[in-house]
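A.B. asks: quick one: sequence plus predicted model below, questions after.
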Amino acid sequence: MTTALIILGVLAALVVIAGLWVAGLYNKLVELRNRFKNAFSQIDVQLKRRYDLIPNLVEVAKGYMKHESTTLEAVIKARNIAAAAAQAVASNPADANAMKGLMSAEAGLGGALSRLMVVSEQYPDLKANTNMLQLTEELTSTENKISFARQAYNDSVMVYNTTRETFPTVIFAGMFSFLPAELFKIDDPTERNAPKVSFN
C-alpha cells in the first residue's frame, strides 16, 4: 500500500511539474507577444505624427503649387490609406495580413511624398518658405524615429517568432494559437529609401 502511495505521489508531482512547465512556456509566449505589440505601438505613435504633419505640408505647398493639384491630392489620398491601414494594425499587430496592408500603404505614401518633393523643387518660393522648411525638418525627424521604432519592433518580432518556433515551445504555440508575427519590412529595394524632404 505504501509503495502505491509513493508511486501515486511521484506521478502527481510529475503532472504538477509538467503543468507548471507548460504554464511557463505559455506565459513566456504571452510576454513576448505583448512586447512586440508594445513595440508596434511605438511605430504607431510616430506614424500618427507623420500623418498629422502631411496635411500641413500639403496646405503650405498648395499656396505655391496651384497647378499641381493632382500631386497634392495623391499625397492626401495615400496618407488616408496609410492611416487606415495603421489603425487596422494597431488594433491587432499580430495580424499578418493587416501588417502586409500597412507595408503596402506605407510604400504608396512614401512614393507620393517623394513625387511631392520632386515637384516642389520647381518652386523656389516654396523651398524658401519658413513653414515648409520647418515641416520638412519635422517630417525628416519623424522618418528617423519611425526607422528606429521599426527596428525595435522587428527585433521584438524576431525574438517572439524564434521562441515560438523552437522545440518544445512550437508544440504548445500551435495548441494555444500563438501565430507567427509579421516583420515590418519593405520588399521593393527602390522603396527602402525614406522620402527626401530636404529643400537645400
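C.D. replies: Here it is on my side, so go on. Please read these numbers as outputs of a predicted model, since none were measured by experiment.

A.B. asks: need the longest helix for the chain.
C.D. replies: Longest helix in the chain, counting residues (DSSP state H): helix 2-64.

A.B. asks: which strands and helices sit next to that helix?
C.D. replies: Helices and strands touching helix 2-64, by 3 or more C-beta pairs under 8 Å, 6 or more residues apart in numbering; DSSP states H and E, are helix 69-91, helix 96-120, helix 124-128, helix 130-165, helix 169-175. (Each C-beta comes from the backbone N, C-alpha and C, glycine too.)

A.B. asks: just these: most buried one?
C.D. replies: Greatest average neighbour count among those goes to helix 96-120 (a mean of 19), per mean count of other C-beta atoms under 10 Å.

A.B. asks: tilt between that one and helix 130-165?
C.D. replies: Counting by axes from the mean of the first three to the mean of the last three C-alpha atoms, to 10 degrees, helix 96-120 points 160 degrees away from the direction of helix 130-165.

A.B. asks: in the chain, what spans have low per-residue confidence?
C.D. replies: 1, 186-200 (pLDDT under 70).

A.B. asks: swap in 80 and give it another go.
C.D. replies: 1, 66-67, 127, 186-200 (pLDDT under 80).

A.B. asks: let me know the helix or strand that Ala181 is in.
C.D. replies: Per DSSP states H and E: Ala181 is located in neither a helix nor a strand.

A.B. asks: hang on, it packs against Ala96?
C.D. replies: Yes: using C-beta atoms under 8 Å, Ala181 makes contact with Ala96 at a distance of 7.3 Å.

A.B. asks: just the angle for the longest helix of the chain relative to helix 69-91, thanks.
C.D. replies: Interaxial angle, helix 2-64 versus helix 69-91 (the same axes, to 10 degrees): 160 degrees.
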